[in-house]
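> model the following, please.
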Amino acid sequence: MHSGSLSAAARRLALAQPTVRRHVAALEAQLGRALFVRSRAGLVPTAAARAMLPHADAIAAAARAAVRAASGEADAAAGTVRIAGGEVVGAEVLPPMLASLVTAHPRLQLELSLSNRNEDLLRRDADLAVRMVRPTQAGLLARRIGTIEIGLFASVHYLARRPAPVQLEQLREHALVGPDRDRALLQGLAAMGVALRPADFAVRTDADAAQLACVRAGLGIGVMQRPLAARDPTLVRVLPQLTFPLPVWLAMHEDLRSSTRVRLVFDHLAVTLAAYATGPEPGTRPRRSA
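Take a look at the predicted model:
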């Protein structure tokens, strides 16, 4: 259902297409009802298939969790740990932290599940997760790691063409990089005193990693994590009075606290993420003379 076609499902499962077709036909025969109908757009799930989807996802997540649990002894620093996080955290923040971890524990195997939606830890979609909102589900072991400061940044290449704004009202005179349909960033900017519409952005994308790439390429001013921007000497903070706190939480299922490999990754990320959140301050652009 997630793949849209038998051929796509076969590739995802590393199976032959006829094998997938036989499995679907066998399940339909057992249930006594059709699960898919053909259309010009491909296979369309029936109401029965859509009703089964949450249960099928839960079974698949449980099976993957069982494979991870069997990948190493509970009291050994070996085996697979699945980490969930947002696109930026997973692509930009975690890799340097994980590099030192696997160097010290080479028998660990890590899976990164990168998505801006929250994985369900109770359903074991992942073993632990880095979240920017407080976990609310009961049965989770959650720890607040710290707060990451969010600000506005631009490339020195962009600022060479257009002097940095020094007042809030000057921001609309600049090329801005921001969201397309996602309103979360607009709400955050509004909380910082900047009311903007999607039409005010010269470059719009809901992919966070693409926003960062556009800012780095000099396409305009955009939002970025302060410690992440500090890594790049070509990025300059503008309007430093605009700041937005982003809480960082680390969570895992409480039943996994006795797993050495999961607890090892949890404790390592707790320390390294805290150090990241309090990282160095990036440069600021000198003010223009009045």
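
> for the rest of this, base every contact and every neighbour count on C-alpha atoms.
OK.

> how many neighbours does residue 166 have?
The tally of other residues near residue 166 (other C-alpha atoms under 10 Å) stands at 16.

> just the helices in the stretch 101-250 of the chain please.
Using DSSP state H, counting those that start in this stretch, the helices of the stretch 101-250 of the chain run over residues 156-161, 184-191, 208-216, 226-229.

> what comes up buried for the longest strand along the chain?
Counting residues, the longest strand found in the chain (DSSP state E) is strand 140-155. Residues of strand 140-155 classed as buried: 140-155 (neighbour count, 16 or more other C-alpha atoms under 10 Å).

> and the strand or helix carrying residue 251, what does it pack onto?
Per DSSP states H and E: residue 251 is located in strand 244-253. Here strand 244-253 touches strand 128-131, strand 140-155, helix 260-277, going by 3 or more C-alpha pairs under 8 Å, 6 or more residues apart in numbering; DSSP states H and E.

> list the contacts of the last one.
Residues from elsewhere that reach helix 260-277, judged by C-alpha atoms under 8 Å, 6 or more residues apart in numbering: 74-81, 97, 101, 108, 127-128, 145-149, 227, 250, 252, 256-257.

> just the CA trace of it, in CSV.
Output in CSV follows, covering the C-alpha atoms of helix 260-277 (Å, rounded to 0.1, in the frame of the first residue of the first chain):
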residue,chain,number,x,y,z
THR,A,260,23.2,-2.3,26.8
ARG,A,261,23.5,-1.3,23.2
VAL,A,262,20.4,1.0,23.3
ARG,A,263,21.4,2.5,26.6
LEU,A,264,24.9,3.1,25.2
VAL,A,265,23.6,5.0,22.3
PHE,A,266,21.1,6.9,24.4
ASP,A,267,23.8,8.0,26.9
HIS,A,268,26.3,8.9,24.2
LEU,A,269,23.7,11.1,22.4
ALA,A,270,22.6,12.7,25.6
VAL,A,271,26.2,14.0,26.2
THR,A,272,27.0,14.9,22.6
LEU,A,273,23.7,16.6,21.9
ALA,A,274,24.0,18.7,25.0
ALA,A,275,27.5,19.8,23.9
TYR,A,276,26.2,20.6,20.5
ALA,A,277,23.3,22.7,21.8
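
> what's the angle between it and strand 244-253?
Put simply, helix 260-277 runs at 170 degrees to strand 244-253, going by axes from the mean of the first three to the mean of the last three C-alpha atoms, to 10 degrees.

> now do helix 260-277 against strand 140-155, angle only.
40 degrees.

> name the residues of helix 260-277 that are buried.
260-266, 269-270, 272-274, 276-277.

> same question, stretch 26-35
34-35.

> any idea how many residues pack against residue 163?
That count, for residue 163 with other C-alpha under 10 Å as the rule, works out to 14.

> span of stretch 129-138 from start to end?
Chord length of stretch 129-138, first to last residue, is 15 Å (C-alpha to C-alpha, to the nearest Å).

> how far out from the middle of the chain is that stretch?
13 Å (C-alpha atoms, centre = their mean, to the nearest Å).

> buried sites along that stretch?
Under 16+ other C-alpha under 10 Å, the buried positions of stretch 129-138 are 129-132, 135.

> what does stretch 181-197 give?
Here stretch 181-197 shows 186, 188-189, 194, 196 as buried, counting by 16+ other C-alpha under 10 Å.

> quick one: low-confidence ranges for the stretch 151-290 of the chain?
For the stretch 151-290 of the chain, the stretches with pLDDT under 70 are 282-290.

> again, only this time at 80
The stretch 151-290 of the chain contains residues with pLDDT under 80 at 184-185, 188-189, 191-194, 280-290.

> now do the contacts for the residue nearest the centre of the chain.
By C-alpha atoms, centre = their mean, the chain has its centre lying nearest to residue 86, at 1.0 Å. Applying C-alpha under 8 Å, 6+ apart to residue 86 gives the contacts 114-117, 130-131.

> reduced to three states, what does the closest residue to residue 34 other than its chain neighbours come out as?
Spatial nearest neighbour of residue 34, chain neighbours left out: residue 28 (5.6 Å); criterion: C-alpha to C-alpha, 6 or more residues apart in numbering. Using DSSP: H, G, I helix; E, B strand; the rest coil, the structure places residue 28 in helix.

> touching, residue 28 and residue 37? I think so.
No. Contact criterion C-alpha atoms under 8 Å: residue 28 and residue 37 do not qualify, at 11.7 Å.

> on that earlier part again, the buried residues of stretch 129-138 into JSON lines, with extra columns for pLDDT and distance to residue 44?
Formatted as JSON lines, those follow (pLDDT from 0 to 100; distance: C-alpha to C-alpha, whole Å):
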{"residue": "129", "pLDDT": "91", "distance to residue 44": "32"}
{"residue": "130", "pLDDT": "94", "distance to residue 44": "34"}
{"residue": "131", "pLDDT": "92", "distance to residue 44": "33"}
{"residue": "132", "pLDDT": "89", "distance to residue 44": "35"}
{"residue": "135", "pLDDT": "84", "distance to residue 44": "34"}
